[in-house]
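S.K.: Quick one: sequence and predicted model below, then my questions.
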Amino acid sequence: MSIDPTGQFLYASYEATNEVAAFAIDATSGTLTAVPGSPFAVGGSATTIVTTVAVDASGKFLIVGLEPGAVSNCLDVFSIDSGTGALALVPGSPFPPSALLCTNVVSNPSEPLVYAGASYGIQPVPGVQPAAVVTLSVDTTTGALTPVGQTSVPDTTKVNVDAIALTH
Amino acid sequence: MNARIVWIIAFAFVAGCGGGGSGGSPHTPSRFMYVNADQGPNEFYTETYGFVLSSGGTLTPIAGFSPIPSSLPGGGPLVIPSGSNFLYTNINGISAFQINSDGSLTNAPDASFSMTDAVGLVAHPSLNFLYASSSSGVLSVFAINPGTGALNLTLSVSLGASNFEILNSPVITPTGGYLYQAAVYYPNGLGQPGLSQLAAFSIEPTTGALSAVPGGESQSQPMSCP
């Protein structure tokens, strides 16, 4: 789940879905109201699984981690309607990295960057790349993602990134 | 299979208290990233790694950083309250660390709670409270010692009956007024088809206590279930 920086909208999914649910948050009562059009289908095949969602630091875009079912681009980006919270898939989705799945997405609060955990195998296998954190720049106009770096976990037997946290 | 997000009326019960501590830690002038990673496929052998985070997104392993191994199966959550130099994770129970200026981690006083099934962690924007979700459907509230990062368990809230499963971290609104937790409810028992649900709580600002949002049960949202 992720809440936009203004606190107006909440986005949610679960591991075995290919949809993202969107809610408007009542600032006075805390109650949630489904955003028109919710739930929103992610790009890719019907078997694509949503693994994680994260609103970027600007609040304009929702980054969605995917498990495509095979090694493939695994990040969708949606633009967020600032008035309603509704989502629209950004052209070019899904974006890299090309991996078995993107497990986590974390936004950099001070730069237009996001970090995604990338898994390339379900268990350690010689020749299969270990889990990595991929750094991507966010086009602040279109939401398009561009990889700018990748760092593997130091232990090459690790295949899943479970969690990412940044100091601020 | 289609299911619904519905709201949960939750009930609180008081759990034990403990913790506390003293001392301080320097503010961190550099920026760091910490990552929990495991060996799959059953999320064994999780370890915590540290990286220096440079402008532009470059990550460099922290020199001399010793990965922190977990004694628990399952990928542990990880959280750094915004603006603090404390790190919380669930690698050996809920563990608290101070982040040093070189990125190394030092155990906070009274550093660990034996909550072995924590799957989610989130910090309150005030930096005063940490919330931990267990896979068995319980949310625990910890007070954070602002000087040391030590945790003091103050309250636990159950989502209801025993057939709830929480899979990930709760979220809190930026102003700290409300907390939301996703869960799966199995009305016919674990292993049977489940309903994806969202529970909403208001947060009492001085104690961090959670109260179910009145009327929340009227909300629903079609959604596939895990």
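M.R.: Received, thanks.
S.K.: Give me the nearest residue to B:Pro77, chain neighbours excluded.
M.R.: Of all residues not flanking B:Pro77 in the chain, B:Leu121 sits nearest, at 4.4 Å (CB to CB, 6 or more residues apart in numbering or on different chains). For glycine as for every other residue, the C-beta is placed from the backbone atoms N, C-alpha and C.
S.K.: pLDDT at the closest residue to chain B within chain A, what is it?
M.R.: Nearest residue of chain A to chain B, counting by CB to the nearest CB: A:Asp162, 2.7 Å away. The confidence metric pLDDT takes the value 89 at A:Asp162.
S.K.: what's near enough to touch it?
M.R.: Applying CB atoms under 8 Å, 6 or more residues apart in numbering or on different chains to A:Asp162 gives the contacts A:Thr103, A:Asn104, A:Gly117, B:Asn36, B:Ala37, B:Asp38, B:Glu43, B:Thr46, B:Gly75, B:Gly76, B:Pro77, B:Leu78.
S.K.: quick check, nearest of these to B:Asn168?
M.R.: B:Pro77 (7.8 Å; CB to CB).
S.K.: give me the number of residues near that closest one?
M.R.: 23 (other CB atoms under 10 Å in any protein chain shown).
S.K.: which phi and psi does it have?
M.R.: phi -70, psi 170 (degrees, to the nearest 10).
S.K.: before we move on, the earlier item: cross the contacts of A:Asp162 against strands and list the overlap.
M.R.: Among the contacts of A:Asp162, the residues falling in strands (DSSP state E) are A:Thr103, A:Asn104, A:Gly117, B:Asn36, B:Ala37, B:Asp38, B:Leu78.
S.K.: neighbour-wise, which of those leads?
M.R.: Within the ones in strands among the contacts of A:Asp162, most neighbours by other CB under 10 Å means B:Ala37, with 33 neighbours.
S.K.: for that residue, what are its contacts?
M.R.: Neighbour list for B:Ala37: A:Gly117, A:Ala131, A:Val153, A:Asp155, A:Lys158, A:Val159, A:Asn160, A:Val161, A:Asp162, B:Thr46, B:Glu47, B:Tyr49 [criterion: CB under 8 Å, 6+ apart].
S.K.: Surely the first one touches B:Met33?
M.R.: Put plainly, it is A:Gly117. No. A:Gly117 is beyond contact range of B:Met33, at 11.0 Å (criterion: CB atoms under 8 Å).
S.K.: any shared contact partners between these two?
M.R.: Residues touching both A:Gly117 and B:Met33 (CB under 8 Å, 6+ apart): A:Val133, A:Ile164.
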